[in-house]
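S.K.: turn this into a structure:
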Amino acid sequence: MAAGTPLHQQPQQKRGLETGGVPFNPPLLPFEVALIETLGCSDQEYRKFLRHAELKSRIRPAEYDHIPDVENAVAVAVVSLVIGLASTAVSILLAPKAPTLENQPRIRSRQLSDQIGPTRFNQTTSFDNVSALAEYGQTIPVPFGKRDEGADGDATGGLILAPALVWSRLFANGSFQSYEGIYVAGQFGLPTPQIGGIRVGTTGLSTLDDSEYALFWSSKKDANRPTTLIAGTAGAGATGTLGRQVFTAPTGGGQQFSQGFSQAYNPQNQSQFGAYSPIENGTAFRFNWEIIAAPEAGTLGADNQEQRAEIKARRRKIAGKRADVLTVVENATATTKLAVGQPGVGRQYSRRMGIVRINNTEYSSRTFVNVSVGSTAVFQIRLQNWDDFERSDFADTEVNLTDLESAADAWRTRADDLLTIGSRWIIGSTIWIVRDRDPQPGAQFINVTLECTEIQKNPQIGACGTRTINEPLAGYDGPGSGPNGQDFDPATNIGTGFFPLCRYSEATVRPVRRDADVIEIGIKSQVWNRASGLTNFNTIPTPAKLFRLDRKNITLNTPRLDRYFARSSFFSVLVRPVQKFGEAERAWARIPQLFCVSGTAPVDQFNFLRIQPRTAGYYEYRFVPVTGAEAGRDDELNQTVIQLDSESESANADTNFGSDYSTPYGAFRLSTRGKRFTVSQLERNKELTTNASTAFVGGTFIPG
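M.R.: Below you'll find the predicted structure:
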């Protein structure tokens with residue numbers, strides 16, 4: 001008969017409360033025998049481990065939930081250690097090739113410093129408008145009344161008066177403005193008012209700090225110019241008066257602190273001026289610079305060919321074809337050696353738009369042309385992309401120019417939207433109006449025709465040429481990529497200051513009274529630059545250093561710049577006599593002095609410009625912007641510019657700068673407070689520059 005288990009006996013397996021049970025002792029498979037040999041343990045130890053693992057896999061019955069589950073922590077730790085060793089051994093056995101115990105090259109990373117500036121700034125204070133002066137013939141009240149004590153013991157009586165403004169002046173103090181006004185409250189003989197009852201609008205004067213205002217009072221039969229201080233503070237240290245002589249104004253006699261008449265007012269129209277919304281005239285596009293590390297441990301050898309090709313393509317996209325060499329040997333050519341370490345200023349891609357025709361003459365390359373009133377210029381927007389160039393330049397890699405094409409669609413759409421018929425633009429120092437547009441359905445370009453309406457100073461503008469907007473690159477592909485070994489191709493390299501098209505606004509101001517001796521013009525402005533995610537060029541390593549770090553297998557992150565920094569906005573002042581009835585309109589004449597306002601944060605600045613004609617007459621003044629293309633011309637870089645800065649000195653001093661300037665309508669004296677510079681001193685931002693040295697000194701290769 002076959003052997004079987006009697007019905008009165010239980011199967012032979014270990015029970016929790018059973019004595020004399022047979023332990024779980026399975027046969028060993030061949031791979032387990034090899035594992036035991038690798039671990040150096042005995043068969044019994046391995047079987048004990050399997051029994052423990054089999055016990056751990058069991059699920060505890062729910063009936064035992066009320067009984068504490070006690071475990072031996074030491075045993076678990078030992079088992080965990082054995083399991084870890086066993087897992088490591090298994091992974092080593094199953095690996096296709098056991099790793100060597102020798103030291104392998106290790107790629108390390110290094111963090112370069114970012115620049116992050118503040119995003120919140122102190123607010124400025126100013127007067128949105130100024131009250132009008134009282135009119136001649138306006139009735140002056142004769143107030144009378146009596147203050148007494150009522151039956152309840154409280155004071156009663158008194159008057160509330162609305163005085164008439166007869167003299168006013170505003171002062172610019174950089175981050176805030178000051179106001180002075182003289183009011184007539186009534187007939188002389190009034191008692192001194194109480195400070196608690198004086199209000200400016202709905203604000204009580206007593207709510208201000210004593211240092212923020214000065215209140216004067218005079219009530220006598222003779223000259224009634226206020227001289228007695230009854231509240232607040234005046235003199236040195238008082239922010240309300242800044243130590244200045246109050247209720248004075250400059251007059252035609254050359255007196256700075258005369259008791260002449262003054263009136264402050266707000267121009268109602270044409271009070272804003274500037275150049276804004278620029279459109280690039282062929283100016284090349286560069287990607288935000290990025291450090292593309294190429295450690296030798298990740299680029300050399302047959303196993304790293306794909307990675308090497310990707311890194312080369314990424315460097316080429318950022319820095320150009322002449323900057324994508326990763327490693328060199330001692331006997332490499334000079335051109336090859338110049339391309340290591342990601343040198344250069346960044347590959348220049350075409351904007352696909354710019355001026356290509358002036359006065360019916362089409363230009364193929366960058367050209368300077370003198371124009372006159374009535375000249376025409378054609379701004380062309382091409383719609384072609386970079387697909388063919390992308391396929392040839394980044395073949396067999398994941399690198400593409402999709403981001404460039406998205407950016408190009410955005411700037412071309414923006415230019416198309418802004419260049420509407422009738423819009424006014426400034427190119428250099430010439431004024432233009434859009435006269436015609438000829439978008440052709442299905443065409444690969446849009447032509448916008450502009451007509452010159454005014455020459456303010458220099459008649460020269462620039463055409464970028466058809467090559468610049470037709471070719472995929474714009475004049476630079478790395479060091480030595482230009483003709484005859486030059487870095488740049490002069491025919492297609494278009495810089496940032498090459499006559500961009502800017503929207504144009506001007507302001508015209510004239511005194512409200514013909515017999516005014518001096519006009520003082522307050523200028524409120526916000527001028528600043530902001531970098532958001534821009535590369536922090538100050539910490540970018542030289543190509544020589546980057547090449548040495550690649551050889552040492554050290555990678556660098558690209559540092560970023562997130563902060564506000566300096567910008568300057570230039571302007572000039574033109575003058576002419578106000579047209580009289582029956583006379584022809586006179587031409588504008590430029591006062592030969594350049595001015596600017598500089599700022600580093602999005603806060604309002606308040607400055608002033610005082611103009612005094614030396615020849616009596618009624619004049620109007622025109623404030624016009626000066627573009628970077630005009631101010632940055634080679635023949636203009638050494639000219640003096642006055643940077644308006646009303647915080648540079650205290651207001652009780654005479655103005656910093658006061659000079660006479662000759663014009664066809666006589667001499668005009670312009671005074672302001674600020675600093676003197678040359679244009680070249682304000683031309684560049686240190687945040688946007690770095691060391692321009694290459695990986696070679698005197699033509700000698702530096703191996704690291």
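S.K.: and residue 253, what pLDDT?
M.R.: Note for residue 253: predicted pLDDT of 69.
S.K.: likewise residue 3?
M.R.: Looking at residue 3, its pLDDT is 46.
S.K.: residue 537 now?
M.R.: pLDDT, residue 537: 90.
S.K.: where does pLDDT dip in the stretch 401-550 of the chain?
M.R.: Flagging of the stretch 401-550 of the chain using pLDDT under 70 yields an empty set of residue ranges.
S.K.: and the helices in it?
M.R.: If you assign secondary structure with DSSP state H, counting those that start in this stretch, the helices in the stretch 401-550 of the chain sit at 402-418, 466-470, 543-551.
S.K.: buried residues, the shortest one. List them.
M.R.: Judged by neighbour count (16 or more other Cβ atoms under 10 Å), helix 466-470 contains these buried residues: 466-470. The C-beta positions use only the backbone N, C-alpha and C, and glycine is treated the same way.
S.K.: center of this structure, which residue is that?
M.R.: By Cα atoms, centre = their mean, the chain has its centre lying nearest to residue 530, at 1.6 Å.
S.K.: that one pairs with what?
M.R.: Taking DSSP bridges as the rule, residue 530 bridges to residue 564.
S.K.: could you do the one 5 residues further on as well?
M.R.: When bridges are taken as DSSP bridges, the partners of residue 535 come out as residue 560.
S.K.: nearest spatial neighbour of residue 589, skipping sequence neighbours?
M.R.: Excluding the flanking residues, the one nearest residue 589 by Cβ to Cβ, 6 or more residues apart in numbering is residue 663, at 4.4 Å.
S.K.: my read: that neighbour touches residue 587, true?
M.R.: No. Contact between residue 663 and residue 587 fails when scored by Cβ atoms under 8 Å: they sit 10.9 Å apart.
S.K.: compare those two (neighbour count), which wins?
M.R.: Neighbour tally, residue 663 and residue 587, criterion other Cβ atoms under 10 Å: the higher count belongs to residue 663, 18 against 9.
S.K.: and that one, what are its bridge partners?
M.R.: Assigned bridge partners for residue 663, using DSSP bridges, are residue 666.
S.K.: do the same with residue 504
M.R.: Beta-bridge partners of residue 504, as defined by DSSP bridges: residue 275.
S.K.: what's near enough to touch it?
M.R.: Shown in contact with residue 504 (Cβ atoms under 8 Å, 6 or more residues apart in numbering): 275, 424-426, 431, 625.
S.K.: circling back to that earlier point, so what's the residue nearest to the centre of the chain up against?
M.R.: 563-565, 602.
S.K.: mind putting the residues you listed in CSV, neighbour count, pLDDT and distance to residue 380 included?
M.R.: CSV is the format used below for those (neighbours: other Cβ atoms under 10 Å; pLDDT from 0 to 100; distance: Cβ to Cβ, whole Å):
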residue, neighbour count, pLDDT, distance to residue 380
563, 19, 91, 37
564, 19, 92, 35
565, 19, 90, 34
602, 13, 91, 35
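S.K.: ok, of those, which one's closest to residue 353?
M.R.: Nearest to residue 353 among the contacts of residue 530 is residue 565, at 28.1 Å by Cβ to Cβ.
S.K.: and the gap between residue 647 and residue 147?
M.R.: Residue 647 is 45 Å from residue 147, where distance means Cβ to Cβ, to the nearest Å.
S.K.: typo on my end, it should be residue 325
M.R.: According to Cβ to Cβ, residue 325 and residue 147 sit 94 Å apart.
S.K.: how about residue 314?
M.R.: For residue 314, the distance to residue 147 equals 86 Å [Cβ to Cβ].
S.K.: returning to that earlier point: and which of the buried residues of helix 466-470 is nearest residue 30?
M.R.: Proximity of those to residue 30 (Cβ to Cβ) peaks at residue 470, which lies at 72.6 Å.
S.K.: residue contacts, the closest residue to that closest one other than its chain neighbours?
M.R.: Of all residues not flanking residue 470 in the chain, residue 382 sits nearest, at 6.9 Å (Cβ to Cβ, 6+ apart). By Cβ under 8 Å, 6+ apart, the contact list for residue 382 reads 352-353, 444-445, 469-470.
S.K.: in those, find the pair that's most separated.
M.R.: Distance extremes for these: the farthest pair is 353 and 444 at 12.2 Å, using Cβ to Cβ.
S.K.: list phi and psi for the residue nearest to residue 470.
M.R.: phi -90, psi 140 (degrees, to the nearest 10).
S.K.: just to revisit the earlier point, turn the contacts of residue 530 into TSV, columns for distance to residue 260.
M.R.: Formatted as TSV, the contacts of residue 530 follow (distance: Cβ to Cβ, whole Å):
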residue	distance to residue 260
563	46
564	41
565	43
602	38
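S.K.: if we take the residues you listed, which one ends up nearest to residue 657?
M.R.: Distances from residue 657 to the contacts of residue 530, taken by Cβ to Cβ, are shortest for residue 565, at 26.0 Å.
S.K.: poorly predicted segments of the stretch 101-250 of the chain, please.
M.R.: Low-confidence segments of the stretch 101-250 of the chain (pLDDT under 70): 101-105, 111-114, 117-132, 237, 239-240.
S.K.: got a pLDDT number for residue 292?
M.R.: The model reports residue 292 with a pLDDT of 92.
S.K.: which of residue 314 and residue 147 has more neighbours?
M.R.: Neighbour totals were compared for residue 314 and residue 147, and residue 314 leads with 20 against 10 (other Cβ under 10 Å).
S.K.: give me the contacts around stretch 624-633.
M.R.: Outside stretch 624-633, the residues within contact range by Cβ under 8 Å, 6+ apart are 273-275, 426-429, 456-458, 496-500, 502, 504-506, 569-574, 594, 636, 641, 679, 683.
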